[in-house]
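>>> Got a sequence here, can you build the structure:
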Amino acid sequence: MTEYPRLKYSIQAVRNAGDRLAKPMQFGQDTTAGQYVDTLRIFSITNSWRDSHFLPMRSVRFSVGHHMKALRLKGDMASRPKRMASICRKLRESTTNLDTMNDIGGCRAIMPDIKSVRLLLASMRDKFPHEIRSREFNYIDEPKPDGYRSHHIVLQYRPRTAETEAFEGRRIELQVRTTLQHSWATAVEAVGLFRRQDLKHGNGEQDWLRLFQLMSAEFAQVEQCPIHVGVPEHDDRVRELRDINSRIGATSVLEDIPNLTLHSKNVAQSARNFRHLLVEYSADRNVAIQPFRTLMLGARKLEDIEKKIAQRGVDSTAVLVEVDNVERLVEIYPNYFGDVSLFARILKSICSGKAAVEYKASRTGW
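Numbering: from 1, shown residues only. Sure thing, here's the model as predicted:
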């Protein structure tokens, strides 16, 4: 069996590290030697805790993939460890602790339609090797006020052999969403990255936030799913979307994003034999992709980059991902590559008067 990293510290040390990360950390040029050493130790503990989720994360991804194959469902699977910046944000903005955080390791299943989502979830509830925690977060039937829609399940890893008992209880969050829901969520992130606004967390221009809220309702209508209360009816939504688009030129901005995002057009060719990829998005909208033969090699590089971000205030975003098919990387993580084409096409169609009920999702577009 591949040797996966185990936690090198006690759970109490992890909890203490989380308490420290929940407060501002001294890691810049003005820090003392003692503060610097202390911060490095906090980062070391946190990285060891994150690394100990790699085996459970992969096990969950493979198990979900097995259900998809058994049901003959099409879809894409990917996984990623949570970024350090996201860990710190969550600790500072919520009451969760580092040792009980549900999404240190995350997996995502992107299904072509709502029927596939529901079939997969039902199959998992019937039989799954890892424990499904009692509470699920059904943001499809109960969408968030901002329009976010996806189904989240928190799974606790169950070891199958004595060799894997050290990973028992690690929590992995699985997100199951449709292609439409994925296009919405990644468009929010892509526009946020492009405009340097945290739209994902509700911070930014109100017109953009409202546009995404209204578009989510349009997508929900197409998928015959509940629409968040307080959102206007379809005709009023369309009128408001046209007004916002006219005011801020949303479709033009969305069409410009891929043209102004710099990345290699030949990702699949250069990383054909790799499943572990580190994607770094810098402030100048340049995307760098580094392939790694093992998850641990990529994790060490991610750790180095995150230290530079914390130490030097480098304005960049880095994520380590594992995918089954590298040729699908841009489709699975379009937000980092500025690929908002599907979302942009639908918005343009709505604003031009095409009825939402005429849309039909497919892998190739609309």
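>>> Burial check on the residue nearest to residue 11 when sequence neighbours are not counted, number of neighbours?
In space, and not counting its chain neighbours, residue 11 is closest to residue 99: 5.6 Å by Cβ to Cβ, 6 or more residues apart in numbering. Glycine gets a C-beta too; all of them are placed from N, C-alpha and C. Using other Cβ atoms under 10 Å, the number of residues around residue 99 comes to 17.
>>> Does residue 99 touch residue 18 like I think?
Yes - in terms of Cβ atoms under 8 Å, residue 99 counts as a neighbour of residue 18; the distance is 6.5 Å.
>>> Would you mind giving the secondary structure of the residue nearest to residue 11?
helix (DSSP: H, G, I helix; E, B strand; the rest coil).
>>> now it: how far from residue 47?
Per Cβ to Cβ, to the nearest Å, residue 99 is found 14 Å from residue 47.
>>> now do residue 69
Applying Cβ to Cβ, the value for residue 69 to residue 47 is 33 Å.
>>> The two: which is more packed in?
Between residue 69 and residue 47, counted using other Cβ under 10 Å, residue 47 has the larger neighbour count: 21 against 9.
>>> element containing the more buried one, please.
Assigned by DSSP states H and E, residue 47 falls within helix 33-51.
>>> same question, residue 175
For residue 175, the element it lies in under DSSP H and E is strand 171-178.
>>> so what strands line up beside that strand?
Strand pairing for strand 171-178, determined by DSSP bridges: strand 105-111 (parallel), strand 151-156 (antiparallel).
>>> which of those strands sits most buried?
Ranked by mean neighbour count under mean count of other Cβ atoms under 10 Å, these are led by strand 105-111, which reaches a mean of 25.
>>> Distance from the chain centre to the next helix or strand along the chain from that strand, please.
On the C-terminal side of strand 105-111, the closest following helix or strand by DSSP H and E is helix 114-126. In terms of Cα atoms, centre = their mean, to the nearest Å, the centre of helix 114-126 is found 20 Å from the chain centre.
>>> I'd like the average pLDDT over stretch 238-256.
Average pLDDT, stretch 238-256: 95.
>>> what's the answer for stretch 197-214, then?
The average pLDDT within stretch 197-214 is 95.
>>> list the buried ones in it?
For stretch 197-214, burial by neighbour count (16 or more other Cβ atoms under 10 Å) applies to 199, 200, 204, 208, 209, 210, 211, 212, 213, 214.
>>> nearest to residue 53, of those residues?
Taking Cβ to Cβ as the measure, residue 200 is the one of the buried residues of stretch 197-214 closest to residue 53, at 22.1 Å.
>>> dump the residue contacts of the closest one.
Shown in contact with residue 200 (Cβ atoms under 8 Å, 6 or more residues apart in numbering): 188, 189, 192.
>>> Scan those and report the most crowded one.
Neighbour counts for these, by other Cβ under 10 Å, peak at residue 188, which reaches 26 neighbours.
>>> Enumerate every residue touching that one.
Residue 188 makes contact with 148, 199, 200, 212, according to Cβ under 8 Å, 6+ apart.
>>> so what's the backbone phi/psi at the first one?
Just to be clear, that refers to residue 148. Backbone torsions for residue 148, taken as degrees, to the nearest 10, come to phi -60, psi 130.
>>> repeat for the second one
When quoted as degrees, to the nearest 10, the phi and psi of residue 199 stand at phi -60, psi -30.
>>> Tell me which helix or strand the residue nearest to it when sequence neighbours are not counted sits in.
Residue nearest to residue 199 in three dimensions, not counting chain neighbours: residue 192, with 3.9 Å by Cβ to Cβ, 6+ apart. Residue 192 belongs to helix 179-195 when assigned by DSSP H and E.
>>> going on from that helix, what's the next piece of helix or strand?
Counting by DSSP H and E, what follows helix 179-195 is helix 206-222.
>>> Contacts for that next one, please.
The contact list for helix 206-222 (Cβ under 8 Å, 6+ apart) reads 143, 145-149, 180-181, 184, 187-188, 191, 195, 197, 199, 202, 226-228, 231-232, 234, 237, 240-241, 244-245, 247-248, 250, 343, 346-347, 350, 356-357, 359, 361.
>>> let's go with 7 Å and repeat that
Defining contact as Cβ atoms under 7 Å, 6 or more residues apart in numbering, one finds that helix 206-222 is touched by 143, 146-147, 149, 180-181, 184, 188, 191, 199, 202, 226-228, 231, 234, 237, 240-241, 244, 247-248, 250, 347, 350, 356, 359.
>>> Among these, name the buried ones.
Buried, going by 16+ other Cβ under 10 Å: 143, 146-147, 149, 180-181, 184, 188, 191, 199, 227-228, 231, 234, 237, 240-241, 244, 250, 347, 350, 356, 359, out of the contacts of helix 206-222.
>>> just checking, which of those belong to helices?
Judged by DSSP state H, the subset of the buried ones among the contacts of helix 206-222 located in helices is 180-181, 184, 188, 191, 234, 237, 240-241, 244, 250, 347, 350.
>>> out of those, what pair is the most spread apart?
Maximum pairwise distance in these, criterion Cβ to Cβ, is 23.3 Å, between 191 and 234.
>>> returning to that earlier point: show me what the mean pLDDT comes to for the strand holding residue 175.
The pLDDT scores in strand 171-178 average 97.
>>> Figure out how far that strand is from the centre of its chain.
9 Å.
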